[in-house]
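Chemist: Curious how this folds, go ahead:
(one chain, ligands or ions: 1)
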Amino acid sequence: MTIGHTARRRHALRLSFEFFPPRNEEADRQLWETITALTPYAPDFVSVTYGAGGSTRAPTLAAVDRIISDTPLSAAAHLTCVGATKEEVNAVVEEFRAVGVRHFVALRGDPASGLGAAYQPHPGGYANAAELTAGLRAIDDFEVSVSAYPEKHPESLDVSADIDMLKRKVDAGATRALTQFFFDNVLYERYLERVRAAGIDIPIVPGILPVHNLAQVQKFSGLCGATVPQWLADRLEPLDGRPDDRAMVAAELAARQVEGLIGLGIDEFHFYTMNRSALVSSVLDQVGFKRQENAERPKAAGAAA
Ligand code: FAD
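Modeler: Residues are numbered from 1 along each chain as shown. I've put the predicted structure just below:
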């Protein structure tokens with residue numbers, strides 16, 4: 001029966017949640033509230049971003065360390081190549097490995113001088129994410145996820161160049177790609193067709209961004225290889241002064257996007273949480289994803305083991 005079939009498929013959905021490292025006590029509190037609220041969704045893994053040039057090395061390490069020691073979650077550390085020699089990057093890998101990290105999200109990173117500037121690899125460093133992936137795999141049998149861009153990376157000449165780079169990352173040992181966020185599923189669908197036609201068979205996990213702040217997303221999207229469609233702006237802009245209604249609509253739109261992708265046979269999703277749980281929870285609840293209420297709760301900071 002259709003309902004039973006759908007329920008079974010939903011139960012089989014696989015999730016990952018992306019966080020960024022907190023920069024102060026208030027942000028740390030918010031991150032841990034978010035992790036606590038999202039733990040019952042039993043994600044396959046959560047990941048913590050890494051500031052280009054190692055600018056967040058310590059807070060990324062601290063967050064990943066605490067997730068591994070204080071929660072039942074599996075944590076992946078993002079890592080970039082920017083502004084560092086291979087030896088320096090490898091030393092960071094060792095620090096992550098020492099706290100139990102077995103999974104990295106390997107990235108080239110944005111130019112040190114900011115998004116939009118020309119990228120200059122460090123003369124003694126990993127030149128791009130494919131080289132970093134190979135470097136990680138040479139150190140240990142790490143799981144390596146990488147990026148993918150359904151609307152192409154802004155620096156790529158065209159989608160083919162982008163898919164060539166993805167292929168190089170897979171050949172170097174990456175076993176999963178997490179996409180940049182996108183809002184029109186047809187872009188993902190077309191991209192996936194081209195990726196599969198290129199002989200790449202790893203999961204291309206759609207990155208879902210429930211929109212907390214439209215202006216911020218619009219500003220960032222031009223620089224990072226994603227477009228914000230007019231229909232999305234038309235739905236959210238009129239609600240600018242009504243945060244509760246805006247959140248409700250933002251969650252509904254993201255839930256509809258996830259539903260559409262489930263309809264295409266996709267069963268794995270990466271959520272850009274922005275370190276907030278409400279919209280992500282609402283999306284998952286709307287698509288009928290079951291929480292596991294008996295999931296172990298993260299320990300309070302400083303609690304005895
Ligand atoms: P690559 O995979 O190496 O390259 C991406 C594309 O750009 C390729 O298709 C390639 O064709 C093209 N390209 C690369 N270099 C050049 C060049 N020199 N000339 C022409 N074309 C080129 N950034 C962070 O700083 N920290 C993070 O934690 C982080 N996490 C991310 C997580 C995800 C899921 C995604 C999608 C992105 C993330 N980013 C992060 C952003 C990422 O670092 C930037 O998009 C960066 O510009 C490219 O890194 P990459 O690993 O995608 O590059």
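
Chemist: residues in the stretch 1-150 of the chain within reach of the ligand, list them.
Modeler: 49-50, 52, 78, 80, 105, 107-110, 119, 128-129, 147 (CB under 6 Å from any ligand atom). For the C-beta atoms, the positions are set from N, CA and C on the backbone; glycine is no exception.

Chemist: The same query, at a cut-off of 8 Å, please.
Modeler: Taking CB under 8 Å from any ligand atom as the contact definition, the stretch 1-150 of the chain meets the ligand at 18, 20, 47-52, 78-82, 105-111, 115, 118-119, 121, 128-130, 132, 145-149.

Chemist: before we move on, what about the stretch 201-305 of the chain?
Modeler: Gly207, Cys224, Gly225, His270.

Chemist: need the strands for the stretch 1-150 of the chain, in chain order.
Modeler: Using DSSP state E, counting those that start in this stretch, the strands of the stretch 1-150 of the chain run over 14-19, 45-48, 75-79, 103-106, 143-148.

Chemist: Output those strands in CSV, with mean neighbour count, mean pLDDT and distance to Ala251 appended to each entry.
Modeler: Shown next, in CSV, are those (neighbours: other CB atoms under 10 Å; pLDDT from 0 to 100; distance: least, CB to CB, whole Å):
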stretch, mean neighbour count, mean pLDDT, distance to Ala251
strand 14-19, 22, 98, 15
strand 45-48, 24, 98, 20
strand 75-79, 26, 98, 25
strand 103-106, 26, 98, 25
strand 143-148, 24, 98, 25
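
Chemist: check contacts around the closest residue to Leu107 other than its chain neighbours.
Modeler: Sequence neighbours aside, Thr80 is the residue nearest to Leu107 in space, at 4.9 Å (criterion: CB to CB, 6 or more residues apart in numbering). By CB atoms under 8 Å, 6 or more residues apart in numbering, the residues touching Thr80 are Tyr50, Gly51, Ala52, Gly53, Gly54, Leu107, Arg108, Gly109, Leu132.

Chemist: Low-confidence bits of the stretch 151-300 of the chain, can you list those?
Modeler: Along the stretch 151-300 of the chain, the model assigns pLDDT under 70 to residues 295-297, 300.

Chemist: So which residues of it form helices?
Modeler: 159-171, 185-197, 214-224, 230-236, 243-263, 278-286 (DSSP state H, counting those that start in this stretch).

Chemist: And the stretch 1-150 of the chain, by the same measure?
Modeler: Using DSSP H, counting those that start in this stretch, helices in the stretch 1-150 of the chain cover 2-11, 25-38, 57-70, 86-98, 129-139.

Chemist: gap between the last one and the chain center?
Modeler: Taking the mean of its C-alpha atoms, helix 129-139 sits 19 Å from the chain's own mean (CA atoms, centre = their mean, to the nearest Å).

Chemist: who does it touch, helix- and strand-wise?
Modeler: Helix 129-139 is packed against helix 86-98, strand 103-106, strand 143-148, helix 159-171, with contacts defined by 3 or more CB pairs under 8 Å, 6 or more residues apart in numbering; DSSP states H and E.

Chemist: quick one: pLDDT of Ala7?
Modeler: The confidence metric pLDDT takes the value 50 at Ala7.

Chemist: now stretch 109-119: how far from the chain's centre is it?
Modeler: Centroid separation for stretch 109-119 versus its chain: 20 Å, with CA atoms, centre = their mean.

Chemist: Would you mind measuring the gap between the ends of it?
Modeler: 9 Å (CA to CA, to the nearest Å).

Chemist: What are the buried residues along it?
Modeler: Across stretch 109-119, burial judged by 16 or more other CB atoms under 10 Å covers Gly109, Asp110, Pro111.

Chemist: would you list these in TSV and tack on pLDDT?
Modeler: Listed next are the buried residues of stretch 109-119 as TSV, based on pLDDT from 0 to 100:
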residue	pLDDT
Gly109	93
Asp110	87
Pro111	83
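
Chemist: Residues in contact with stretch 65-79: which ones?
Modeler: Residues contacting stretch 65-79 (CB under 8 Å, 6+ apart): 16, 35, 39, 43-50, 60-61, 64, 89, 92-93, 96, 99-107, 132, 136, 143, 145, 295-296, 298-299, 303.

Chemist: and with 7 Å instead?
Modeler: Outside stretch 65-79, the residues that touch it by CB atoms under 7 Å, 6 or more residues apart in numbering are 35, 39, 43-50, 60, 64, 89, 92, 96, 99-101, 103-107, 132, 145, 295-296, 298-299.

Chemist: go on, stretch 44-60?
Modeler: Outside stretch 44-60, the residues that touch it by CB under 7 Å, 6+ apart are 14-23, 63-64, 67, 73-80, 82-84, 92, 103, 105, 109-110, 112.
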